[in-house]
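Sequence and predicted model, in that order:
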2 protein chains.
Amino acid sequence: MLGLREILADTMKNDQRLWRTLHVLIHMNQHQTPLTSQAIGQMLNTHPVVVRRTLAGLRKQNLIQAEKGHGGGWKLLLPLEQISLREVYAALGEPPLWVLSPVTEPRGCLVEKAVNQALDEVLQQARDWVLERFSHLTVAQIERDFQALLPFSERHCTGSHDNPST
Amino acid sequence: MLGLREILADTMKNDQRLWRTLHVLIHMNQHQTPLTSQAIGQMLNTHPVVVRRTLAGLRKQNLIQAEKGHGGGWKLLLPLEQISLREVYAALGEPPLWVLSPVTEPRGCLVEKAVNQALDEVLQQARDWVLERFSHLTVAQIERDFQALLPFSERHCTGSHDNPST
DNA sequence: CTATCATGTAACATAATAAGTTACATAAAA
DNA sequence: TTTTATGTAACTTATTATGTTACATGATAG
């Protein structure tokens, strides 16, 4: 995989696992045949090993399956209607959402304690709100959003990575 | 500053600027004399230069002031009632709140576009909600929370770093 | 005036983590 | 048996807040 970073000098740092996984799930749903990590890596502009690592959690939750050998690759075990963003997030190991520190060890200072309580309350509620939204948002819904973006003539075609690329 | 990290093996990575700054503002309000970066560093268990760096934004926004020389240090320019968490956050340069990627460059894939739109919508709204809460939460309110944590006998004393330490 | 104390800031080192990469083992199909 | 694919450990890279050192500037005490 030759110097992707030189070509696309993205920010390239933050956690890209969630959007990458959603992206892949939808493409998997639009393919009849299994998708190899190699092919997925090209879609996501990343290394096949990163793909396997990222999807491992979903495999362990039986949301998807990977088969070895000729004709192998990744495929869905559930319809996208039955996969919410909450479940994807859980399958990824519920990685942190906030950059802000989850607050350090209490060290006896009551000012620190009051500050932490105030911040925790806001951030916890925001997290709960996000997860609630995730619970009610299926990958199928995002797939429908994608289809609405298609020109009418392609509305019922297989996908987008086959032609417009990426 | 000898090996603080060995003593407190915190996670020590995430953005601690917001809670540290709030912590400091309240302590500044409880002191008659200016607080030196050295003293603040001991409160926050960090290096004085980190303190100066973190507070620089607040100084530039005229929320606080720093004086050099003997008897110098940091002091408030506004009552805590007039400083909301939103303003502190702004003075810190509005650092990112989310770990999740702000989404990469669009590369033409409509699936990616739909995924990004869906995620952006949720995360943006959550961010707006947090900032709205920050707007209506003053540092003075957190200071009152702190005072409510004090034992009754100390309810009107100066602070906490003078005795219980940290 | 000068010695001391304090901030201001550049420059570099450290730590944590997702991402990127290499290497090799395992399994399935041709 | 060869080829294709995943599974995974181990290592490297990139990014960013933090930690640290060094030095310049300014203010006060004597």
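Done, it's in. Numbers count the residues shown, from 1 in each chain, chains lettered A, B, ... in the order given.

Helix or strand with the lowest mean pLDDT in chain A?
Counting by mean pLDDT, DSSP states H and E, chain A has its least confident helix or strand at helix A:4-7, which shows a mean of 35.

What is the helix or strand following that one packed up against?
Note on helix A:4-7: by DSSP states H and E, the next helix or strand toward the C-terminus is helix A:17-30. Judged by 3 or more C-beta pairs under 8 Å, 6 or more residues apart in numbering or on different chains; DSSP states H and E, helix A:17-30 is in contact with helix A:37-44, helix A:48-60, strand A:73-76, helix A:85-91, helix A:139-149, helix B:110-135. No exception for glycine: its C-beta is placed from N, CA and C like everyone else's.

Could you dump the ones you listed into TSV and include distance to residue A:26?
Converted to TSV, the helices and strands packed on helix A:17-30 look like this (distance: least, C-beta to C-beta, whole Å):
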stretch	distance to residue A:26
helix A:37-44	10
helix A:48-60	13
strand A:73-76	10
helix A:85-91	11
helix A:139-149	5
helix B:110-135	5
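
so which of the ones you listed comes closest to residue A:123?
helix B:110-135 (7.2 Å; C-beta to C-beta).

what's the angle from that closest one to helix A:110-135?
With axes from the mean of the first three to the mean of the last three C-alpha atoms, to 10 degrees defining the directions, helix B:110-135 sits at 150 degrees from helix A:110-135.

list the buried ones in helix B:110-135?
Under the neighbour-count criterion of 16 or more other C-beta atoms under 10 Å in any protein chain shown, helix B:110-135 has B:110-116, B:118-119, B:122-123, B:126-127, B:130-131, B:133-134 buried.

I'd guessed residue A:111 sits against residue B:24; true?
No: using C-beta atoms under 8 Å, residue A:111 makes no contact with residue B:24, being 9.0 Å away.

Mind telling me which residue is nearest the centre of chain A?
Most central in chain A under C-alpha atoms, centre = their mean is residue A:18, positioned 2.3 Å from the mean C-alpha point.

Next one: residue A:31 from DNA strand C, what distance?
17 Å (C-beta to the nearest atom of the strand, to the nearest Å).

That residue: how many residues sit nearby?
Neighbours of residue A:31 under the rule other C-beta atoms under 10 Å in any protein chain shown: 17.

same question, the one 5 residues further on
By other C-beta under 10 Å, 16 other residues sit near residue A:36.

On the pLDDT front, check it for me.
Listed pLDDT for residue A:36 reads 98.

how about the nearest residue to residue A:58, chain neighbours excluded?
Using C-beta to C-beta, 6 or more residues apart in numbering or on different chains and skipping the chain neighbours, the partner closest in space to residue A:58 is residue A:91 (4.5 Å).

re earlier: mind putting the helices and strands packed on helix A:17-30 in JSON lines, distance to DNA strand C included?
Compiled in JSON lines, the helices and strands packed on helix A:17-30 are given as follows (distance: least, C-beta to the nearest atom of the strand, whole Å):
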{"stretch": "helix A:37-44", "distance to DNA strand C": "7"}
{"stretch": "helix A:48-60", "distance to DNA strand C": "4"}
{"stretch": "strand A:73-76", "distance to DNA strand C": "11"}
{"stretch": "helix A:85-91", "distance to DNA strand C": "13"}
{"stretch": "helix A:139-149", "distance to DNA strand C": "18"}
{"stretch": "helix B:110-135", "distance to DNA strand C": "13"}
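
how near is residue A:15 to DNA strand C?
4 Å.

In this structure residue A:28 contacts residue A:74, no?
Yes: contact criterion C-beta under 8 Å: residue A:28 and residue A:74 qualify, at 6.1 Å.

Pick out whichever of the two has more residues nearby.
Taking neighbours as other C-beta under 10 Å, residue A:28 and residue A:74 compare with residue A:74 leading, 24 against 20.

just checking, that one touches residue A:34?
Yes: using C-beta under 8 Å, residue A:74 is in contact with residue A:34, at 5.7 Å.
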